[in-house]
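Trainee: Fold the following for me, if possible:
(chains A and B)
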Amino acid sequence: MSHGYNGKILHVDLTSRQLSVEEPEEAFYRKYMGGSALAMYYLLRDMPPGVDPLGPDNMLVLALSVLTGTAISGQSRMTAAAKSPLTGAIGDSQSGGFFPAELKFAGYDAIVIKGKADKPVYLWINEGEYELRDASHLWGKITGEAEAAIKGELGDDKIEVLQIGPAGENAVRFAGIFSMSNRANGRTGMGAVMGSKNLKAIAVRGKKRPSVADKARLNDLAKWGAANLEDSDIAGLAKYGTAETTGSNQTSGTLPTYNYNSGVFDGWEAIDGTTMYDTILRGAAEGKQDRLGRDTCYACTVRCKRVAEITEGPYQVDPHYGGPEYETTSTFGNYCAIDNLPAISKANEICNKYGMDTISCGATISWAFEAFNEGKLTLEDTDGLDLTWGKAESMVALTEKIAKREGFGDILAEGSERAAKRIGRGTEEYLITVKGQEAPAHMPRVKRSLAIIYATNPFGADHQSHEHDPAIEEDFEFYTERLDVLGFNEEQETRSLTDEKIRFAMASQHMYSAMDSLNLCQFVFGPAWQLYGPEDMVELVRAVTGWEEVTFDELQKVGERRVNMMRAFNAREGFDRGNDVLPGKLFKPLKGGVSDGWVLDRDEIKSATDKYFELCGWDVKTGNPTRTKLDELELGWVADRLEI
Amino acid sequence: MHTEETLEIHLQLYSILREKLPLEAKGRAVMQLDENASLADLLEELNITRRVVISVNGEHETDRSRQLQDGDEIKIFSSISGG
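Mentor: Next up is the predicted model:
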């Protein structure tokens, strides 16, 4: 008897409108677990190389794991993967909320989508039954309106809706896929892929809870988490959101400002999580924000989501669209030297209404700000918008123009790298992209291992792909037990890039990768400060699936498998280490504050990257997986596709 | 103000750490500590046992054995890496 998973994959061919169900064996789920690894299986198995990311031959996989929908914090998450229209490499992102659990309850573990519908459609999955329905009347609607319309016409308020907004319809290259109008598969442009297929939304409803092998042990684990939340390292995150980090990043000099030219920002306190809690969370005026200004995901007691409400002034914000996280307050805030929290929240609302990744959107805007402040863009270029550092109203105006592809927004909707290529005038010097994806608000010149991961990560610069340096540097003493499980027992010097640091980057990358395949929330599970540690993760998998022989090493292998599948996908598209290029400005010193003068050294990065490839078991010349490594990971079939 | 055996520090706590003090304080406090007090002593006084990020007079301080001085401005942050 299978536990945790449904054993059903829904295949959707939008061109022929044929829908079918595949029923993989247990061994398949044991090998890939779900999520990102499962998605990579289908993308490598069924898609040839060289497809147009916005063409009908691209495939979009939405995948859950063997754990999704079980009664414990941090499991209701879903992967969206396809070839990325932003990078041309593999695209991958994760989201949370209630849709993932509901899809599991509706009877499926994943949806594999190919082709293109002749006109807009949405997919309706109801207690195992499925059909494509006309969505012409929904095309063009912002997320909140489309969601309400779908629930209305299907007659059930408990339906969960996953959708693209107008930005995905307009092929904004960093458009995302959204549920609840505020939970995002944000990065790498998966929304543009969905839009290119004329697929507006997926609605799901289901009541079939997954079977759990050992309910008592799952329950014990869940109760432990709930009881220990307040004493854990994520207690602050729960109540104050990820933007509680703004002040500590300011202190350690890793708060990106002036488009990554500085690591400190004078205006930080006006836009941090503590100020957000006191001022703009719903209910703040009556002191009720703890209840009204926070939201959560299915079965999660952490409740870390923000709900912002602003009813006065130039930047009014509807709480239906959630509230900003640290990345968002950074890219629309400190990246542009803006200290106006309502304006930032307005930009967040626009991104959630129209369906865009706040990181790439804000960072593309900050590229434009730098180009303007350096005299390389004029008012004529920017439709008359003054992009002087700190100009909040211009930032908000640009956000909306990008979503609608209006005027200058049409150029920015291509992402900063394409925009810089098109504008020229030396504006490429200001880019902070890797493989065309803009860097998030954690700085490699301060947290050195980010340099290796940003550069080599198959889907571009990404901050949720490994454990950041402080865990094994100054914070090491707090996490010795958990880090020991990963095989690390020695505190490392701050800002070092020793072989041990690189080994830690890789090992933690494998754990994060396993979590993306198990679809676990990286605030709830992880190798250091998270609520649950590596051994808890193993216990969870055993308790749910009944696979009692699962070990941490086996899960690490799933993570390594996923990374290798992605690297192989990219190799098949013609990528190699020549694409693992960090932005030039990281080799120039940061300016101001505690991190003044901090800079990366090209030789050090090159040799650290060599070491990383060596540890990964990849060909150091190309940075690509070898036949030996792929065989070791039971990916011989992938090596066959690569013809190596 | 301080006596011969104490020193005075100006404290600002952020996010969940504010709950170490009464609500109205909003994380702000002026504290009298023993003149030989270190950062570690302050953290013990506040019952802060988990990992935090500390700024002393605007500078990042990771050495908890640091001796405090009269008039020190101390900010203490709870944080995560990521998000």
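
Trainee: Can you tell me how far residue A:437 is from residue A:15?
Mentor: Residue A:437 sits 29 Å away from residue A:15 when distances are taken as CB to CB, to the nearest Å. All C-beta atoms are positioned from the backbone trio N, CA, C, and that covers glycine.

Trainee: One more: residue A:374?
Mentor: 47 Å.

Trainee: follow-up on the earlier one: which one's more surrounded, residue A:437 and residue A:15?
Mentor: A count of neighbours by other CB atoms under 10 Å in any protein chain shown puts residue A:437 above the other of residue A:437 and residue A:15, at 31 against 13.

Trainee: before we move on, what SS does residue A:88 have?
Mentor: Assigned state for residue A:88: coil (three-state reduction, DSSP: H, G, I helix; E, B strand; the rest coil).

Trainee: what's the spacing between residue A:107 and residue A:242?
Mentor: 33 Å.

Trainee: Flag every residue of the stretch 351-500 of chain A that's near chain B.
Mentor: Residues of the stretch 351-500 of chain A lying close to chain B (CB under 8 Å from any CB of the partner chain) are A:442, A:447, A:463-464, A:467-468, A:470-471, A:474-475, A:478, A:494.

Trainee: and which of these is nearest residue A:120?
Mentor: residue A:464 (31.5 Å; CB to CB).

Trainee: Now the closest one: which helix or strand?
Mentor: Using DSSP states H and E, residue A:464 sits within no helix or strand.

Trainee: Which element, helix or strand, includes residue A:139?
Mentor: Going by DSSP H and E, residue A:139 is not in any helix or strand.

Trainee: and it, how many neighbours does it have?
Mentor: 18.

Trainee: Leaving out the residues flanking it, which one is nearest to residue A:537?
Mentor: Distances taken as CB to CB, 6 or more residues apart in numbering or on different chains place residue A:525 nearest to residue A:537, at 5.3 Å, with adjacent residues excluded.

Trainee: got a pLDDT number for that neighbour?
Mentor: At residue A:525, the pLDDT value in this model is 98.

Trainee: Just the buried positions in stretch A:250-266, please.
Mentor: Buried positions in stretch A:250-266, judged by neighbour count with 16 or more other CB atoms under 10 Å in any protein chain shown: A:250-265.

Trainee: among those residues, which are in helices?
Mentor: A:250-252 (DSSP state H).

Trainee: Considering only those, which also neighbour chain B?
Mentor: Answer for these near chain B (CB under 8 Å from any CB): A:251-252.

Trainee: TSV please, covering the ones in helices among the buried residues of stretch A:250-266 and showing pLDDT.
Mentor: Formatted as TSV, these follow (pLDDT from 0 to 100):
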residue	pLDDT
A:250	97
A:251	97
A:252	95
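
Trainee: Tell me who's in contact with residue 55.
Mentor: Defaulting to chain A. Residues near residue A:55 by CB atoms under 8 Å, 6 or more residues apart in numbering or on different chains: A:116, A:196.

Trainee: sorry, should have said chain B
Mentor: A:251, B:61, B:74-77.

Trainee: does it have beta-bridge partners, and which?
Mentor: Under DSSP bridges, the beta-bridge partners of residue B:55 are residue B:60, residue B:75.

Trainee: quick one, phi psi at residue B:29?
Mentor: phi -160, psi 150 (degrees, to the nearest 10).

Trainee: Give me the neighbour count for it.
Mentor: Using other CB under 10 Å, the number of residues around residue B:29 comes to 17.

Trainee: does it really touch residue B:20, like I thought?
Mentor: No - using CB atoms under 8 Å, residue B:29 is not in contact with residue B:20, being 9.0 Å away.

Trainee: tell me, what's touching the two both at once?
Mentor: Counting by CB under 8 Å, 6+ apart, the shared contacts of residue B:29 and residue B:20 are residue B:13.

Trainee: how about a markdown table for the contacts of residue B:55, with distance to residue A:52 added?
Mentor: Shown next, in a markdown table, are the contacts of residue B:55 (distance: CB to CB, whole Å):
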| residue | distance to residue A:52 |
| --- | --- |
| A:251 | 46 |
| B:61 | 53 |
| B:74 | 56 |
| B:75 | 51 |
| B:76 | 52 |
| B:77 | 46 |
